[in-house]
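> sequence and predicted model, in that order:
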Amino acid sequence: MSDVKDILELDRPEKEFITKDALMNSDKKKKPTRKSDVNTFKRPEGMHRELWGLLWTDNRDAPPLIPTDTNQGYKQMKAKIGSSRVRPWKWMPFSNPARKDGAIFHHWRRVADEGKDYPFARFDKQAEVPVYSDLEYQQHLHDDSWTRQETDHLFELCKRFALRFAVMYDRWDRDKYPNRSIEDLKERYYNICNKLVKVRAPQGTEPKVRAYDAEHERRRKLQLTKLFDRTPEQVEEEEKLIEELKKIELRKKEREKKTQDLQKLITAADTNIDARKNDKKKASKKFPQTQKNIKESTAQNTETTGIKFPDFKQPGAFVRSQKMKLPASLGQKKTKAIEQVLEELGIEYNPMPTEEITSHFNELRQDIVLLYELKLALASCDYELETLKHQYEVLNPGKTPDVPLPETPDPLLDIGQGDDEHSRDNIDVVGTLTPNRKRKAALESTTAHLLKKMKNRV
């Protein structure tokens, strides 16, 4: 019978609404802490104070053995809902202010909200479409390609469909007026809006106009249409062209890098020649070259040729022969080329390390390395020239390119090649080349000067 009375709400005293304190069960008395409880748990030996602080709780409970979700900081306890009277709801009518027909609908709402406005009415945002007068249209908005009736129909559609130009284009009256594109409708509407803003703006203020480029939109849509109408063959051809373009750009970067490297070699050779000339002029004078000048010239040549000999700037004694030690970063091929050229010239690989011999011996090896790099650059240029020549002959059968070729053999290719086949195999670092070679004037003059300097020094 008690359950039936509860269902029928008979002989049941009225209860108040549950408060927040009742939900959170905060009316329980807190147990007073005892000193014995505080001192029950102690920090284990070897455990850091910060870790013990994380495990220790405000209630001085022991650290949990397994993960738990109780008493975890800011997490609230579950609300305990008791039996109480709920807020009443009522089936009541309402009207939407966005509708102009006065339609009335019904829905469930709380009794306390009866008589309030429809809550979703604030989301009804209407587009502000300007209104023009006859005088404004005659003075400022007249256009030969648009009639007054067409303009009025356009603005009527703007108000009706809230500037949704795709819907306006679909609902355009093509029986009375000529067919217009979406870009035409937008262009006409924004031009009128900008003119009205300028005319109605007070003096001394700059009106805010809306920029719209109709021609750009037409070209963009035309381009998208062409892109969409491509055939699979055209798509495949475009992908191949993009791949070829990437290859061309990669070859262009490699060619520019080779050109920069070659220019560095030519600049280094010219710098060495100028430095040697200046050294000779100083040596021809009565004043002898000091140790400081020798060190400066050696350091300058080291920077231009790329061989970095060890520099001893720290205080203390050292062996002078260490200055002639080649760095490990030089490479095995260049080291073998230096050994072969020194053997051909009859120079010891480890001469007496006096101050003068050390500087000149290092300069000589720098010149050999420079010649080695120039030789590789020349071989690369010859190979590219022959490749382009063959490509020209394939594209133009029966024709030969008019390319000036040197009549005399290249002196760079004859350095270090003796009668011994073994020596020729070791020194010829570029391999057998084609007989037709193109040589630049800068390379020819530079290498000739370097060869003369080497012979005079020996």
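Ah, there it is. Numbering: from 1, shown residues only.
> need the strands for the protein, in chain order.
Taking DSSP state E as the test, the strands found in the chain are 89-95, 104-110.
> who does the first one pair with, and is each partner parallel or antiparallel?
As defined by DSSP bridges, the strand partners of strand 89-95 come to strand 104-110 (antiparallel).
> what's the weakest-modelled helix or strand in this structure?
Within the chain, no helix or strand scores below helix 421-427, which has a mean of 37 by mean pLDDT, DSSP states H and E.
> counting neighbours, which bits of stretch 166-173 end up buried?
Neighbour-count burial for stretch 166-173, counted by 16 or more other Cβ atoms under 10 Å, picks out Met168, Tyr169, Trp172. (C-beta placed from N, C-alpha, C; glycine too.)
> not counting its neighbours along the chain, what's nearest Ser321?
Spatial nearest neighbour of Ser321, chain neighbours left out: Pro353 (4.1 Å); criterion: Cβ to Cβ, 6 or more residues apart in numbering.
> wait, His140
Lys195 (5.1 Å).
> contacting residues for the closest residue to Ser95 other than its chain neighbours?
Leaving aside its sequence neighbours, Ser95 sits nearest to Ile104 (Cβ to Cβ, 6+ apart; 5.3 Å). By Cβ atoms under 8 Å, 6 or more residues apart in numbering, the residues touching Ile104 are Pro93, Phe94, Ser95.
> how much space separates Ile104 from Ser2?
Per Cβ to Cβ, to the nearest Å, Ile104 is found 44 Å from Ser2.
> what mean pLDDT does the helix ranked longest in the chain get?
As assigned by DSSP state H, the longest helix anywhere in the chain is helix 232-284. For helix 232-284, mean pLDDT is 82.
> Lys308 and Pro327 touch, don't they?
Yes: between Lys308 and Pro327 there is a contact at 5.6 Å, judged by Cβ atoms under 8 Å.
> now the stretch 1-150 of the chain, which segments are flagged as low pLDDT?
11-41, 56-84 (pLDDT under 70).
> in it, which spans are helices?
Listed in chain order, the helices of the stretch 1-150 of the chain (DSSP state H, counting those that start in this stretch) span 2-8, 20-24, 35-38, 49-55, 134-136, 148-161.
> the closest residue to Val4 other than its chain neighbours and Asp3, how far apart?
Spatially, and ignoring its direct neighbours in sequence, Val4 is nearest to Leu10 (7.9 Å; Cβ to Cβ, 6+ apart). Distance, Leu10 to Asp3, using Cβ to Cβ: 11 Å.
> again with Gln234
Counting by Cβ to Cβ - Gln234 and Asp3 are separated by 80 Å.
> for the stretch 351-458 of the chain, which residues score under the pLDDT cut-off?
403-458.
> Glu187 against Arg210, yeah?
No: Glu187 lies out of contact with Arg210 (Cβ under 8 Å); the separation is 11.3 Å.
> who has more neighbours out of those two?
Glu187 (18 against 10; other Cβ atoms under 10 Å).
> nearest residue to that one other than its sequence neighbours?
Ala214 (4.0 Å).
> now do the contacts for the one you found.
Glu183, Asp184, Lys186, Glu187.
> if we go to 7 Å?
Glu183, Lys186, Glu187 (Cβ atoms under 7 Å, 6 or more residues apart in numbering).
> ok, the first one - contacts?
Applying Cβ under 7 Å, 6+ apart, one finds that Glu183 lies in contact with Ala214, Glu217, Arg218.
> next: the second one.
The contact partners of Lys186, by Cβ under 7 Å, 6+ apart, come to Phe165, Tyr212, Ala214.
> how about a cut-off of 10 Å?
Lys186 is in contact with Leu163, Phe165, Met168, Tyr169, Tyr212, Ala214, Glu217, counting by Cβ atoms under 10 Å, 6 or more residues apart in numbering.
> could you measure it against Leu8, distance?
68 Å.
> before we move on, back to that, need the buried residues of stretch 166-173 in JSON lines with pLDDT and distance to Thr271, can you?
Below are the buried residues of stretch 166-173 laid out as JSON lines (pLDDT from 0 to 100; distance: Cβ to Cβ, whole Å):
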{"residue": "Met168", "pLDDT": "94", "distance to Thr271": "75"}
{"residue": "Tyr169", "pLDDT": "95", "distance to Thr271": "72"}
{"residue": "Trp172", "pLDDT": "94", "distance to Thr271": "77"}
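> for the residue nearest to Ala337 when sequence neighbours are not counted, grab the count of nearby residues.
Using Cβ to Cβ, 6+ apart and skipping the chain neighbours, the partner closest in space to Ala337 is Tyr372 (4.9 Å). The burial count assigned to Tyr372 is 23, neighbours taken as other Cβ under 10 Å.
> just the contacts of Glu183: which are in helices?
Ala214, Glu217, Arg218.
> check contacts around Arg49.
Contacts of Arg49 by Cβ under 10 Å, 6+ apart are Arg43.
> likewise Ser133?
Gln139, Leu141.
> from Asp6, how far off is it?
The gap separating Ser133 from Asp6 is 72 Å, by Cβ to Cβ.
> circling back to that earlier point, using a markdown table, lay out the contacts of Glu183 together with distance to Ala201 and pLDDT.
Below are the contacts of Glu183 laid out as a markdown table (distance: Cβ to Cβ, whole Å; pLDDT from 0 to 100):
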| residue | distance to Ala201 | pLDDT |
| --- | --- | --- |
| Ala214 | 24 | 93 |
| Glu217 | 27 | 95 |
| Arg218 | 30 | 94 |
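> and which of those is nearest to Arg109?
Nearest to Arg109, judged by Cβ to Cβ, of the contacts of Glu183 is Glu217 at 47.2 Å.
> next, work out how far apart the closest one and Arg110 are.
Taken as Cβ to Cβ, the span from Glu217 to Arg110 is 50 Å.
> so which of these two has more stuff around it?
Using other Cβ under 10 Å, the more surrounded residue of Glu217 and Arg110 is Glu217, with 15 against 12.
> for that one, which non-adjacent residue is spatially closest?
Looking at Glu217 with Cβ to Cβ, 6+ apart, the closest residue is Glu183, at 5.0 Å.
> which pLDDT value goes with that neighbour?
Value listed for Glu183 in the pLDDT field: 95.
> follow-up on the earlier one: can you select the buried ones from the contacts of Ile104 in ChimeraX?
Here is the ChimeraX command that picks out the buried ones among these, judged by 16+ other Cβ under 10 Å:
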select :94
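> run a quick neighbour tally on Ala201.
13.
> next, count neighbours for the spatially closest residue to it that is not a sequence neighbour.
Spatial nearest neighbour of Ala201, excluding adjacent residues (Cβ to Cβ, 6+ apart): Pro207 at 3.9 Å. Neighbour count for Pro207, taken as other Cβ under 10 Å: 12.
> contacting residues for Pro207?
Asn194, Leu196, Val197, Lys198, Val199, Arg200, Ala201.
> many thanks, I have nothing further to ask.
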